[in-house]
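>>> what's the 3D shape of this:
(one chain, ligands or ions: 1)
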Amino acid sequence: MTNRQILEDIKQKLSSAGIEEASNDAWLLFEGITGMNRTDYLLRAGEEFDFPFPERLRNAAERRCAHEPLQYILGKAYFMGFEFEVNPSVLIPRYDTEVLAEEAARYADADSEVLDMCTGSGCIAISVALLTKARRVIGADISGRALTVAERNRKRLNAENVGFVKSDMFGAISGTFDMILSNPPYIKSEDIEGLMSEVRDCEPRLALDGHEDGLFFYRILAKEGFGHLKPGGHIMMEIGFGQAREVSALLEMYDYADIRVIKDLAGLDRVVCGRRI
Ligand code: GLN
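Residues are numbered from 1 along each chain as shown. From the prediction side, this is the model:
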């Protein structure tokens, strides 16, 4: 079979399996596994497919047909222009979360000490550390497996100013910070069943479930975060759909100042910020 026939065949299989972006995903699998880029492909589309491990591409296509996310199959995801290793122990970094990292990078500088709570793959902690050269960035997570991935990401991206701590929220965190960042689990438990299979069946429940009303972790962040902020320090949290009002109210309740909401590119409320005066 030619390269074109192989690619068409994968497209067909993905499409029959109900994968929405079958064409795009087929290409990304083909490129990711064979290492052929667009130009190579265009030049060699009619040539016989001679990749040494054809079963790898077949397996990858089968996994995608079973609705496993592309990023877990290829083992990587992009965030703020950096490549992160991912596996099913960590949430796949989302484009929307870049709003939080960008806002953090606007306020942090080389003197800053930053805490990223619920760090997962470490994507926020590492990106902010690399972009701002912050003095110290701590990524905390309850999951030891997630921290193993985060530490590998730290090494491969050479983020020497980052350290990771295993901690159930603030349990093992001491000291104060100029900035507390978090993209915590925020989906209401009862809404998890209704999520698309890629998310519901493949991503870690621990990284999604915000308990009964979805706000469980924001309460802890608002309440305990205050004591871990230096005067003038910022708290910035990603939120889910419709949570801006309630999360802002939590910050008000604990006496934060300058409370504001930032929208994502789709125009949806995405990040809630406040300051300890
Ligand atoms: N901080 C990580 C991210 O934004 C993980 C978040 C999580 O596990 N809830 O991708």
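
>>> just the CA coordinates for the top strand by length along the chain, please, in PDB.
Identified as the longest strand of the chain according to DSSP state E is strand 229-238. The C-alpha trace of strand 229-238 is given here as PDB (Å, rounded to 0.1, in the frame of the first residue of the first chain):
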ATOM      1  CA  LEU A 229       0.400  34.700  50.100                       C
ATOM      2  CA  LYS A 230       2.800  37.600  50.800                       C
ATOM      3  CA  PRO A 231       1.300  41.000  51.100                       C
ATOM      4  CA  GLY A 232       0.600  42.200  47.600                       C
ATOM      5  CA  GLY A 233       0.600  38.600  46.300                       C
ATOM      6  CA  HIS A 234      -1.700  37.300  43.600                       C
ATOM      7  CA  ILE A 235      -4.000  34.300  43.400                       C
ATOM      8  CA  MET A 236      -5.100  33.200  39.900                       C
ATOM      9  CA  MET A 237      -7.400  30.300  39.300                       C
ATOM     10  CA  GLU A 238      -8.800  28.700  36.100                       C
END
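
>>> does anything pack onto the following helix or strand past that strand? Which helices or strands?
Downstream of strand 229-238, the first helix or strand assigned by DSSP states H and E is helix 244-253. When contacts are defined as 3 or more CB pairs under 8 Å, 6 or more residues apart in numbering; DSSP states H and E, helix 244-253 sits against helix 216-227, strand 257-263, strand 269-275. C-beta: built from backbone N, CA, C; applies to glycine.

>>> among the ones you listed, which is nearest G242?
strand 269-275 (8.0 Å; CB to CB).

>>> ok, which of the helices and strands packed on helix 244-253 comes nearest Q71?
Among these, strand 269-275 sits nearest to Q71 (CB to CB), with 20.4 Å.

>>> how about CSV for the helices and strands packed on helix 244-253, with mean pLDDT, distance to D9 and mean neighbour count added?
CSV is the format used below for the helices and strands packed on helix 244-253 (pLDDT from 0 to 100; distance: least, CB to CB, whole Å; neighbours: other CB atoms under 10 Å):
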stretch, mean pLDDT, distance to D9, mean neighbour count
helix 216-227, 98, 44, 19
strand 257-263, 98, 42, 14
strand 269-275, 98, 39, 23
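
>>> now render these as TSV, adding distance to F164.
Shown next, in TSV, are the helices and strands packed on helix 244-253 (distance: least, CB to CB, whole Å):
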stretch	distance to F164
helix 216-227	18
strand 257-263	26
strand 269-275	23
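
>>> can I get the ones you listed in TSV including distance to the ligand?
Shown next, in TSV, are the helices and strands packed on helix 244-253 (distance: least, CB to the nearest ligand atom, whole Å):
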stretch	distance to the ligand
helix 216-227	8
strand 257-263	15
strand 269-275	12
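
>>> how about the helices in the stretch 51-200 of the chain?
For the stretch 51-200 of the chain, the helices defined by DSSP state H, counting those that start in this stretch occupy 54-65, 70-74, 98-107, 123-132, 144-156, 197-200.

>>> show me the contact partners of the fourth one.
Going back to what we said before, that points to helix 123-132. 77, 79-80, 82, 84, 93, 97, 100-101, 104-105, 108-110, 112, 114, 116, 119, 134, 137-139, 150, 153-154, 157, 159, 161-162, 164, 181, 183 (CB atoms under 8 Å, 6 or more residues apart in numbering).

>>> cool, the fifth one as well?
With contacts defined as CB under 8 Å, 6+ apart, helix 144-156 is touched by 84-87, 89-90, 119-123, 125-126, 139, 141, 162, 164, 166, 204, 207.

>>> alright, I will stop here.
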